[in-house]
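# what would the 3D arrangement of this be:
(one chain, ligands or ions: 2)
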Amino acid sequence: MNEHDSERIAGLLTAGGMVPTEELGDAEVVVFNTCAIRENADNRLYGQLGHLRPLKQRNPRMRIVVAGCLAQKDQGRILQRAPWVDVVVGTHAIGSLLDLVRLAEREGPQMDVREYTEVFPSALPAVRGDRHRAWVSVSVGCDNRCTFCIVPLVRGPQRSRAIGDVLAEVQGLAGQGVVEVTLLGQNVNTYGRDITVPGSSRRPLFADLLRAVNEVEGIRRIRFTSPHPAHFTDDVIAAMAESENVCEHIHFPLQSGSDRVLHLMNRSYRQARYLAWVLRIREAIPEVAFSTDIIVGFPGETEGDFRETLRVVEEARFDSAYTFQYSPRPGTRAAGLEDQVPKEVVQERFDRLVALQEGISLERNRALQGRTVEVLVEGEGRKGGAQGRTRSNKVVHFEGEPRPGEFLDVTVTGAHPHHLDARDARPARSVTVDREPAAAAS
Ligand code: SAM
Ligand code: SF4
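Ligands and ions are numbered 1, 2, ... in the order given. Below is the predicted model:
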C-alpha cells in the first residue's frame with residue numbers, strides 16, 4: 001500500500017513538472033513516505049530527518065515533506081521535533097501534496113492530516129517502477145480492530161472503490177501494456193461492504209470483483225493482498241478456482257497459532273478453523289501456494305502459546321512467511337497490556353520460527369524440481385541472467401536475456417528457501433499452473 005502511494009506521489013511530482021535527481025543535496029523536494037506499522041520505522045524517520053538538516057541549510061530551496069502513516073500518527077509532533085520540515089501530509093491527503101509544497105514556499109510549514117479520503121490514490125497519476133505489473137487499490141482503511149495494529153488509526157475505516165472505477169483503471173493499465181495487477185486493500189475480501197452496486201441495493205462482493213477483473217482483456221495475472229482469513233468465503237474460493245487469470249497464491253495472515261493469543265489479538269478465528277480453511281482451499285485449488293504473516297512475542301505469549309504457532313506452521317506448510325517481532329504501537333490496545341515478553345525471549349522464539357519455516361519453504365520449493373513453470377520476467381537476476389516470478393509468486397532465476405514483461409516456460413532445476421533456479425527458457429504456451437513434466441510434454 002505504501003509503495004503504491006509512493007508511485008502516486010512520484011506521479012504527482014512529475015505531473016507538476018519535476019524530475020528526479022540523483023544528488024540528495026540538490027533536491028528541491030524530498031519526500032519521506034512513511035510506514036508506522038512497527039517502531040523502527042519511527043526511529044528511522046527522525047534519524048533521516050536529522051541527516052537532512054545540514055543539507056537543507058546548504059540548499060535553502062529544499063522543501064522536506066513527510067507523508068504517510070507516520071505523518072497521520074505523529075501530526076504536529078513532526079514539526080515540533082524537526083522544525084525544518086516543510087510539509088506533513090497524512091494518508092488521506094496525498095492528492096494535495098504538491099499544492100502544500102507550493103503553499104509552504106510562500107507561507108511556511110503546512111500540515112494536512114484530514115480524516116477522510118476524497119481521492120483514492122489510484123485515481124492520481126503514477127510513475128510506476130514496473131511497466132508490466134501494477135497495484136490497483138480496491139479499498140482503503142480497515143473496520144477490524146486487531147489489538148496490535150495501528151492501521152485502523154492511521155488509515156481510517158474501510159472505504160471501497162466503485163467496481164466500475166476499479167475496472168476502468170485495470171482496462172486502462174491493460175491498454176498501457178500491464179499484464180499483471182495486484183488488487184490492494186487492508187482487508188480485500190470485505191470489499192464492497194460499504195457501497196452498493198449502482199442502480200441496486202445489492203453490495204458488490206470481492207468474488208464479483210475477481211470475476212470481473214478476470215474478464216479484462218490483456219490482463220493475464222491477477223493477485224490480491226491482504227485477505228483476512230475470517231472473510232475468505234466459499235464464493236471467493238470458487239471465483240479463484242474458476243478464473244484462469246487469478247493466480248494460485250494466497251497471502252493468509254495467521255498472526256498466531258494459539259487460540260488464547262488469537263483471542264487477545266481480537267482475531268476472530270481459532271487454530272482449528274484456520275487449518276480447516278487451509279485444507280478446504282487446497283482441495284479447491286490443488287496447486288495453491290500460501291504465504292502468511294506471523295507475530296512473535298505478543299504480550300503474554302508463553303512458550304506453550306508459541307509452540308502452538310510452530311504446530312500450525314508445521315501443519316499448514318506455508319510456502320513462505322513474513323515473520324515479525326511484536327512491536328507496541330501507541331494507541332493500540334495491546335500496547336497497554338502488561339506482561340510484555342522480554343526481548344531476548346522474543347528473539348530466541350523468532351529464530352526458531354524462521355528456521356522451521358525456512359526448512360518448510362525449501363521442501364515446498366524442492367517439490368517443484370523437474371517441473372515446468374510459467375514465469376513472468378521481471379528483469380535481471382541478482383547474479384546475472386534473468387529473474388521472473390511464477391503464478392504461485394515464487395522468484396525464479398534462469399539463464400537468458402532479461403526481457404521484462406515476457407511470459408516464459410522454464411524447467412526448475414534447483415530449490416532454495418527463497419527462490420528457484422531454472423533452465424530451458426522458452427515462450428510460454430498458455431496460461432497454466434505449475435505443471436508435472438508429463439503434462440508439459442503432452
Ligand atoms: N490486513 C492484514 C491482516 O489482516 O493480516 C495485515 C496488514 S499489516 C499492514 C501487515 C502485517 O504486519 C500484519 O499481518 C502483522 O503480522 C504485522 N504487524 C502489524 N502490527 C504489528 C505490530 N504491532 N508488531 C509486529 N507486527 C505487526
Ligand atoms: Fe490491522 Fe489487518 Fe487487523 Fe485491519 S485486519 S486491524 S489491517 S491486522
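
# what's the neighbour count on E283?
11 (other CB atoms under 10 Å). The C-beta positions use only the backbone N, C-alpha and C, and glycine is treated the same way.

# backbone dihedrals for the nearest residue to D421 once chain neighbours are set aside, please?
Counting by CB to CB, 6 or more residues apart in numbering, D421 lies nearest to G414, which is 3.4 Å off, once chain neighbours are set aside. For G414, the backbone dihedrals are phi -150, psi 150 (criterion: degrees, to the nearest 10).

# against Q369, how distant is G414?
7 Å (CB to CB, to the nearest Å).

# got it, and R423?
12 Å.

# what touches both of those two?
Residues touching both R423 and Q369 by CB atoms under 8 Å, 6 or more residues apart in numbering: T413.

# what's the local residue count around the residue nearest to D421?
Around G414 there are 14 residues (other CB under 10 Å).

# tell me the pLDDT of it.
Confidence at G414, expressed as pLDDT, is 97.

# how about it, what does it touch?
369, 420-422.

# just checking, next helix/strand downstream of the helix or strand containing T309?
If you go by DSSP states H and E, T309 is part of helix 303-316. Toward the C-terminus, helix 303-316 is succeeded by strand 320-325 as the next helix or strand (DSSP H and E).

# the following helix or strand past that following strand: which residues count as buried?
Downstream of strand 320-325, the next assigned helix or strand under DSSP H and E is helix 343-366. By neighbour count with 16 or more other CB atoms under 10 Å, helix 343-366 contains the buried residues 346, 349-350, 353, 357, 360-361, 364-365.

# CSV for those residues, including pLDDT and distance to T190?
Below are those laid out as CSV (pLDDT from 0 to 100; distance: CB to CB, whole Å):
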residue, pLDDT, distance to T190
V346, 98, 31
R349, 98, 31
F350, 98, 30
L353, 98, 28
Q357, 98, 28
I360, 98, 29
S361, 98, 29
R364, 98, 29
N365, 98, 32
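
# near ligand 2, which residues of the stretch 201-350 of the chain?
With CB under 6 Å from any ligand atom as the criterion, the stretch 201-350 of the chain meets ligand 2 at residues H228.

# return the distance of K73 relative to Y326.
Separation of K73 from Y326 (CB to CB) stands at 18 Å.

# ok, L356 next?
L356 is 18 Å from Y326, by CB to CB.

# burial of the spatially closest residue to G218 that is not a sequence neighbour, as a residue count?
Closest residue in space to G218, ignoring its immediate chain neighbours: A174 at 3.5 Å, by CB to CB, 6+ apart. When neighbours are counted by other CB under 10 Å, A174 registers 17.

# by contact count, what packs against the helix or strand encompassing A174?
Using DSSP H and E, the element containing A174 is helix 163-175. With contacts taken as 3 or more CB pairs under 8 Å, 6 or more residues apart in numbering; DSSP states H and E, helix 163-175 sits against strand 133-137, strand 180-184, helix 206-214.

# could you redo the last one with a cut-off of 6 Å?
Using 3 or more CB pairs under 6 Å, 6 or more residues apart in numbering; DSSP states H and E as the contact test, the elements touching helix 163-175 are strand 133-137, helix 206-214.

# disregarding residues adjacent in the polypeptide, which is nearest to R329?
I150 (4.1 Å).
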